[in-house]
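Enquirer: Got a predicted structure plus its sequence, pasted below:
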Amino acid sequence: MGLKIPSGTRISWLGQQLKKTAILLVFLFILAADLICGRIFIDPPNQIPHPYYHHDLRPANLKQRLVWQGRYYVIYTNSLGFKDAAIRKIDLETKRYRIVFLGDSLTEGVGFPYQETFVGLIGAKLKENGLEVLNAAVGGYSPRLYYLKAKYLIENVKLKFSELFIVMDATDIEEEIYYKDFVPFTSCQGLAHKLHRWLLRNSFIYNGVYYKIVPRLRLGAYIRNTFKIYGPLMRNDKAQPSPYEFGEREKDALILGAENMQKLYALCKDSGIRMTIALLPLPADIRYGTIEPPYVLFWKGFCQKNNIGFINYYPAFINAAGSSSAIDKFYLKGDCHFNASGHSFIADKTMQVLENGERRNSGPGNSIKKRVN
């Protein structure tokens, strides 16, 4: 005689299975909707996460249409993921004298295609003399990321180059604080990193949480401090407090930045790479009118101590015209980034320095003309 299951038990079991099936169907529907929305609505960001040096331009060999201040422009990235004039393969080894630029968004040249940025203009002029210029700069970099990216390029990518040109500005201080606790991963090929990248490209929910919610939670204090300290430097305001009254927090960030730059200098020295540090002014730097403010003096002393090439662009900008007219002439309106005249101005001044050997602290044979062959 078979075991008889009460009808109430059968109904309860069936109800449980229906609930599980319904939950599964809802999950699959949400998953499908998430991926479909991701395919339709995700606008691939200009930057992508990098496990070793935090972030980079996305990805190598790409043409991308971007917008800055309502102005559309097109950028290309080469095989190394650097902003370039065209999609092209970069040989890791070269017999030519090769200069790599590193910096933040001012050096990346946001708002302009590569050939219209000061790095692109310098590269075009030096190419005539048989030299090569590469732009590894990305917005949001600071001394810690300069060191990590250069280390990765030298030791992991095995990129050979003759000189590293670090272009800095006062915003590096706050960014250095933000990256203080960043821990680099030694491999880009980890499963977790691959899954993270895939979800960012395909999941509408994951992408939104990562780019919209997480930054607001993590960057709240960073953004508040940045605009409290550097807002006056970035804006073309008529009333400006002194941009150099830094507190202990900012002084600690300068020391931290110097520690990372010291590591970078040691790395370049061991690799036989010449190093130059250049400082660009922000709009309020020009309005304040000090040719060698404390921030500049700090890095000037660092370069003197280590016999590193040093270029201070402050005098050129401040002496070019009156403060207001210089800001209007060289910067995008209401922005700390350079306009076309600003990029051309920096390129001309840099070429003058390179050709005449005016880089201080860099020893004999400064002229770039002596390094063509």
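Expert: In hand now; what should we look at? Residues are numbered from 1 along each chain as shown.

Enquirer: The nearest residue to Asp172 once chain neighbours are set aside: neighbouring residues, count only.
Expert: Closest residue to Asp172 apart from its sequence neighbours, by Cβ to Cβ, 6 or more residues apart in numbering: Ser142 at 4.6 Å. All C-beta atoms are positioned from the backbone trio N, CA, C, and that covers glycine. Counted by other Cβ atoms under 10 Å, the residues lying close to Ser142 total 25.

Enquirer: Next: the one 10 residues further on.
Expert: For Tyr152, the neighbour count with other Cβ under 10 Å is 19.

Enquirer: list the contacts for it?
Expert: Tyr52, Tyr53 (Cβ atoms under 8 Å, 6 or more residues apart in numbering).

Enquirer: how near is it to Ala326?
Expert: From Tyr152 over to Ala326 the distance is 37 Å, taken as Cβ to Cβ, to the nearest Å.

Enquirer: Low-confidence stretches in the stretch 151-300 of the chain?
Expert: Scanning the stretch 151-300 of the chain for pLDDT under 70 picks out 186-193, 197, 211-247.

Enquirer: Could you rerun that using 80?
Expert: 174, 185-201, 204, 206-250 (pLDDT under 80).

Enquirer: Could you pull out the strands in it for me?
Expert: With DSSP state E, counting those that start in this stretch as the criterion, the stretch 151-300 of the chain has strands at 163-168, 274-279.

Enquirer: just those strands: most buried one?
Expert: Ranked by average neighbour count under the criterion mean count of other Cβ atoms under 10 Å, the strands of the stretch 151-300 of the chain are headed by strand 163-168 at a mean of 25.

Enquirer: now the angle from it to strand 274-279?
Expert: Calculated by axes from the mean of the first three to the mean of the last three Cα atoms, to 10 degrees, strand 163-168 forms an angle of 20 degrees with strand 274-279.

Enquirer: neighbouring contacts of strand 163-168?
Expert: Contacts for strand 163-168 (Cβ under 8 Å, 6+ apart): 97-104, 106-107, 137, 143, 146, 150, 261, 264, 268, 273-280, 299.

Enquirer: Can you flag which of those belong to helices?
Expert: Leu106, Thr107, Pro143, Tyr146, Ala150, Met261, Leu264, Cys268, Trp299 (DSSP state H).

Enquirer: which outside residues touch the host helix or strand of Lys329?
Expert: Per DSSP states H and E, Lys329 falls inside helix 323-330. Helix 323-330 is contacted from outside by 236, 283, 286-287, 289, 317-318, 320-321, 338-339, 341-342, 345, using Cβ under 8 Å, 6+ apart.
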